[in-house]
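> take this sequence and fold it.
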Amino acid sequence: MKRRTLPVAAALAVSAALLLTACGGGDDNAKGNDKIAGADTSDPKTSASPSASDAAVDVNRPTMTFPSDFEMAFDISKPSDAKEAAALGDAENFVRAINYGITRQDAEDAAYKFYSTAGGTAQAYAKKQIKQYIDGGWTVTGVQRYSQGKVNLAADGKRASVAFCDDDSKFYGKEVKSKKVLKTSPSDKDYYYFEIVMTASQEVRGLWTAEDVEVQSEATQCKA
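Numbering: from 1, shown residues only. Take a look at the predicted model:
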């Protein structure tokens, strides 16, 4: 049993156009348009009240630990830009949180909700992935390897498109009750390409949350 077999949520074409305009371009490998729109259009000169960022609290991240038979390896260089690095780091935390919910067998786990925005496709995607495993009686085992990371920061500095590859060739499902590992033969189905739209939290200082996500399956460009 490999994960991510559920379809990605419906595309948001208008949102995609806005983010691509802000970032100055897109990625031809993507198959959908799950992007998030919206920027702060208020005029600071006319506002006498403190901004949301002024009232933000420091981030207190949830602890995520995994069983000894499962590993997530990120071979991704950290960007020099602080905002890009933060967006990438929390995109990684978002996919960690999906696996954490699976290992905990909890489709309402707090970790993936912490790293995603309520109402966005990313949070719905995470819940569906976790629930799929719970319903099947499976957990995860083996190694997932993430690579080829890149970040496009929007002009407003509040949104970013984060992309990376996922190699699941040594990652498997495992039956919770019997502990049987559901091994599969190597194939193009082992490779995925993630694109995640991240937004800077206005309530929690230093936190970026996954708003929308699309996942390309059989991403052979990730085999290198």
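> switch to C-alpha atoms for all contacts and neighbour counts from now on
Will do.
> could you say which helix or strand holds Asn87?
Heads up, residue 87 is Ala, not Asn. Under the criterion of DSSP states H and E, Ala87 resides in helix 82-104.
> which residues are in contact with that helix?
Helix 82-104 is contacted by residues 64-67, 72, 78-79, 107-109, 111-112, 115-116, 126-127, 129-131, 133-134, 139-140, 150-153, 157, 160, 162, 196, 198-200, 206-210 when judged by CA atoms under 8 Å, 6 or more residues apart in numbering.
> and what of stretch 169-184?
1-3, 137-144, 186-187, 190-191.
> just to revisit the earlier point, among the contacts of helix 82-104, which ones are in helices?
Counting by DSSP state H, the contacts of helix 82-104 place Ala111, Tyr112, Ala126, Lys127, Gln129, Ile130, Lys131, Tyr133, Ile134 in helices.
> tell me the buried residues in the helix holding Ala87?
83-103 (16 or more other CA atoms under 10 Å).
> what segments of the chain are strands?
Shown for the chain, the strands assigned by DSSP state E span residues 57-58, 70-75, 138-153, 159-175, 181-182, 191-200, 204-205, 208-217.
> distance to Ala122, mean neighbour count and mean pLDDT added to the ones you listed, as JSON lines?
Converted to JSON lines, the strands of the chain look like this (distance: least, CA to CA, whole Å; neighbours: other CA atoms under 10 Å; pLDDT from 0 to 100):
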{"stretch": "strand 57-58", "distance to Ala122": "23", "mean neighbour count": "12", "mean pLDDT": "82"}
{"stretch": "strand 70-75", "distance to Ala122": "19", "mean neighbour count": "16", "mean pLDDT": "98"}
{"stretch": "strand 138-153", "distance to Ala122": "17", "mean neighbour count": "21", "mean pLDDT": "97"}
{"stretch": "strand 159-175", "distance to Ala122": "13", "mean neighbour count": "23", "mean pLDDT": "97"}
{"stretch": "strand 181-182", "distance to Ala122": "27", "mean neighbour count": "16", "mean pLDDT": "96"}
{"stretch": "strand 191-200", "distance to Ala122": "8", "mean neighbour count": "26", "mean pLDDT": "97"}
{"stretch": "strand 204-205", "distance to Ala122": "19", "mean neighbour count": "16", "mean pLDDT": "92"}
{"stretch": "strand 208-217", "distance to Ala122": "5", "mean neighbour count": "26", "mean pLDDT": "96"}
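> among those, which is nearest Gly120?
Gly120 lies closest to strand 208-217 among the strands of the chain, at 5.0 Å (CA to CA).
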